[in-house]
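Asker: Any chance you could fold what I've pasted below:
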Amino acid sequence: MKRRQLLKSSIATSALLSLSCVAPKAATTKSEAANRQFYELRVYRLKSAEAQSLLDSYLEKAAIPAWNRLGATPVGAFTEIDAKDAAVYVVIPYPSIEVFISAGTRLENDAEYQKAGAEYLSAPKSTPAFDRIDSWLLAAFAGMPRLELPAYSRDKKPRMFEMRTYESFSEVKALKKVEMFNSGEIATMKEVGLAPVFYGQALIGANLPHLTYMTSAENDQVHKQHWDAFNKHPVWLKLKNDPQYADTVSKITKRFLKPTAYSQI
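Answerer: Sure, this is the predicted structure:
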């Protein structure tokens with residue numbers, strides 16, 4: 001039985017890694033694969049403030065502690081600044097694809113989670129805890145294989161985040177955009193202070209192919225200054241004007257986020 005489960009897990013890992021080539025000409029080594037995180041990006045869409053209160057309590061007291069026990073840490077929870085619709089964005093950094101695959105079953109068997117999340121889990125049809133949950137599975141980039149926590153997040157200081165999604169019109173161009181990040185764009189963002197949190201190539205979810213990444217700052221003004229420095233940086237200008245990276249992005253979606261009181265990011 002254990003051998004069968006291990007085989008299934010190995011097949012799933014190989015299949016997902018084959019979908020997440022970090023560059024068309026670069027193979028993923030075993031050590032790189034072992035170090036790479038997989039991110040689940042969830043969006044809980046809500047109908048009311050009362051529902052958000054229940055969701056916040058569930059995430060803080062039940063879900064995030066349970067994910068931490070699985071090795072998924074730190075977990076980020078955010079709301080949109082100047083949001084038009086009520087929603088909570090959650091970033092779960094799984095240490096491996098095997099942990100992601102087994103997470104649902106392990107939570108079902110986690111008595112502490114079931115007890116702490118009872119009110120949310122048993123919410124009646126008349127007053128549901130959420131409207132819908134959107135979910136994407138992302139593979140971390142080779143250029144930044146693990147989530148990085150800004151110092152102001154560790155110290156729980158004032159902070160803001162920008163999450164961007166870059167859609168591509170073809171799968172080949174989507175891979176070239178990932179390659180572009182790995183070839184200097186990530187390093188330049190770090191150099192100018194954009195303080196990236198994660199970069200992920202979407203493997204499963206809506207609106208494929210695309211990638212999503214998150215940057216951060218102490219406040220909006222500082223964040224704009226960092227972007228100004230990035231846009232003038234010679235490395236970025238060289239990458240931007242390199243013909244091989246032309247037309248890699250067909251649509252950009254930007255979301256400005258603030259952390260919830262219980263967010264670990």
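Asker: so where's the chain shaky on pLDDT?
Answerer: For the chain, the stretches flagged by pLDDT under 70 are 1-33.
Asker: go with 80
Answerer: Along the chain, the parts satisfying pLDDT under 80 run over 1-34, 48-50.
Asker: Break down it into its helices, ranges please.
Answerer: Remark: helices assigned in the chain by DSSP state H are 2-19, 30-35, 49-58, 64-69, 97-108, 111-116, 118-121, 151-154, 171-180, 186-191, 220-232, 234-240.
Asker: right, and these - which one's nearest residue 200?
Answerer: Relative to residue 200, the nearest member of those by CB to CB is helix 171-180, separated by 9.7 Å. From N, CA and C alone the C-beta is placed, and that goes for glycine too.
Asker: If you count neighbours, what's buried in that closest one?
Answerer: Of all the residues in helix 171-180, those buried under the rule 16 or more other CB atoms under 10 Å are 173, 174, 175, 176, 177, 178, 179, 180.
Asker: nearest to residue 225, of the residues you listed?
Answerer: residue 180 (23.3 Å).
Asker: what sits against residue 35?
Answerer: 145, 146 (CB atoms under 8 Å, 6 or more residues apart in numbering).
Asker: Ok, which of the helices of the chain comes nearest residue 260?
Answerer: It is, among the helices of the chain and with distance given as CB to CB, helix 49-58, at 6.5 Å.
Asker: List the buried residues in that closest one.
Answerer: Taking 16+ other CB under 10 Å as the criterion, helix 49-58 shows 51, 52, 54, 55, 56, 57, 58 as buried.
Asker: which of those lies closest to residue 116?
Answerer: For the buried residues of helix 49-58, the nearest to residue 116 is residue 58 (8.0 Å; CB to CB).
Asker: which non-adjacent residue is nearest that closest one?
Answerer: residue 120 (3.6 Å; CB to CB, 6 or more residues apart in numbering).
Asker: doesn't residue 54 make contact with that neighbour?
Answerer: Yes - counting by CB atoms under 8 Å, residue 54 is a contact partner of residue 120 at 5.7 Å.
Asker: what's the overlap in contacts for those two?
Answerer: Common neighbours of residue 120 and residue 54 are listed as residue 129 (criterion: CB under 8 Å, 6+ apart).
Asker: if we can go back for a sec, between the buried residues of helix 49-58, which sits nearest residue 157?
Answerer: Scanning those for proximity to residue 157, where the rule is CB to CB, the winner is residue 56, at 20.7 Å.
Asker: Contact partners for the closest one?
Answerer: Counting by CB under 8 Å, 6+ apart, the residues that residue 56 touches are 88, 260, 262.
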